[in-house]
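J.: Sequence unavailable; structure follows:
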């Protein structure tokens, strides 16, 4: 019984926190006013206008779906827009019973000040913060959207779930720690594996040459979630090292993208061949390597990290 009571208190606390944030944010953005940002439009009307500026002659059904609006409510909004000369309706070529919607020149002119005001207000909020805090705010918003938002196919292409960039100060230590923790948990690899990762990183930092080496970190919601390194193994041979994708970040194609970046860099740097070392238990990584054109050329069993594993060497020509 005490455990259930604690869980309920925790749940109620989380609900209260989300409601408090919602009250704060709606007040901060001014969405509680009858007229949104001092414009002639309500918040719902402003959102409909925005979608009409972003879409190519959508139907009312499409607007309802993307805005989660009641069809009757949207119909009243559109009727009011039409009466004010802000919107035109034309029969849809594929179905004359439906109408395609578009803003008139008057409608675009009416919406333009609202777009500028919205942009400037948000810019002012961000400008009041140091750059580091701005990044934290934007990353937190991205995380909220990803974790509790509905997947939207129409925005997924325009808003990638991750970005690739060079490592920042301190992130070499992060990737050693994450490799060690993940492989210990998933496969039982011991402390000697962590030592190997640390040695690899130290060697890469000491020998780094931007003409022949490139390091990537995959970032999602402002946090590192993946890594890979393309380094010089010999004059004409590049080597992929320390590929990692956090479990929570899988399903976005990050591993494939990281390996593809390595191959593209190696070609541009003038390498003739690529190699890598992996293990037979890493099924997902092996599929990525195979899809990228690598072929298994050698295998050797070892127990360097406390459990028997089969090490594999893969190669491909460039």
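T.: In hand now; what should we look at? Keep in mind that this is a model prediction, so the values were computed, not measured.
J.: After the host helix or strand of residue 50, which helix or strand is next?
T.: Using DSSP states H and E, residue 50 maps to helix 43-54. Counting by DSSP H and E, the element after helix 43-54 in chain order, helix or strand, is helix 60-67.
J.: Low-confidence stretches in the stretch 1-150 of the chain?
T.: The stretch 1-150 of the chain contains residues with pLDDT under 70 at 1-7, 29-37, 95-96, 149-150.
J.: now the helices for it?
T.: For the stretch 1-150 of the chain, the helices defined by DSSP state H, counting those that start in this stretch cover 2-29, 43-54, 60-67, 71-83, 105-127, 131-148.
J.: Just the buried positions in stretch 101-119, please.
T.: Neighbour-count burial for stretch 101-119 flags 101-103, 107, 110-111, 114, 118 (criterion: 16 or more other Cβ atoms under 10 Å). No exception for glycine: its C-beta is placed from N, CA and C like everyone else's.
J.: distance of the closest residue in space to residue 103 that isn't next to it in sequence from residue 88?
T.: In space, and not counting its chain neighbours, residue 103 is closest to residue 52: 4.9 Å by Cβ to Cβ, 6 or more residues apart in numbering. According to Cβ to Cβ, to the nearest Å, residue 52 stands 10 Å off from residue 88.
J.: Give the residues shared as contacts by these two.
T.: Common contact partners of residue 52 and residue 88 (Cβ atoms under 8 Å, 6 or more residues apart in numbering): 101-103.
J.: Which one of residue 52 and residue 88 is surrounded by more residues?
T.: residue 52 (22 against 15; other Cβ atoms under 10 Å).
J.: ok, the more buried one - contacts?
T.: 58, 63, 87, 101-103, 107.
J.: any idea which of the residues you listed is closest to residue 139?
T.: residue 63 (30.1 Å; Cβ to Cβ).
J.: State the number of residues packed around the closest one.
T.: Residue 63 has 20 nearby residues by other Cβ under 10 Å.
J.: Hmm, residue 47 and it touching each other?
T.: No: judged on Cβ atoms under 8 Å, residue 63 makes no contact with residue 47 at a distance of 9.3 Å.
J.: Return the distance of the residue nearest the centre of the chain relative to residue 258.
T.: For the chain, residue 161 is the residue whose C-alpha lies nearest the centre (Cα atoms, centre = their mean; 1.8 Å). Look at residue 161 and residue 258: by Cβ to Cβ, they are 14 Å apart.
J.: what does residue 235 give?
T.: Distance, residue 235 to residue 258, using Cβ to Cβ: 24 Å.
J.: and what of residue 203?
T.: 20 Å.
J.: Have a look at those two and say which one is more surrounded.
T.: Taking other Cβ under 10 Å, residue 203 and residue 258 do not tie; residue 258 has more neighbours (23 against 12).
J.: Now do the contacts for the closest residue to residue 70 other than its chain neighbours.
T.: Sequence neighbours aside, residue 64 is the residue nearest to residue 70 in space, at 7.7 Å (criterion: Cβ to Cβ, 6+ apart). Residues in contact with residue 64 (Cβ under 8 Å, 6+ apart) are 70-71, 74.
J.: Of the residues you listed - the most surrounded one?
T.: residue 74 (17 neighbours).
J.: I figured it hits residue 61, correct?
T.: No: Residue 74 is beyond contact range of residue 61, at 9.3 Å (criterion: Cβ under 8 Å).
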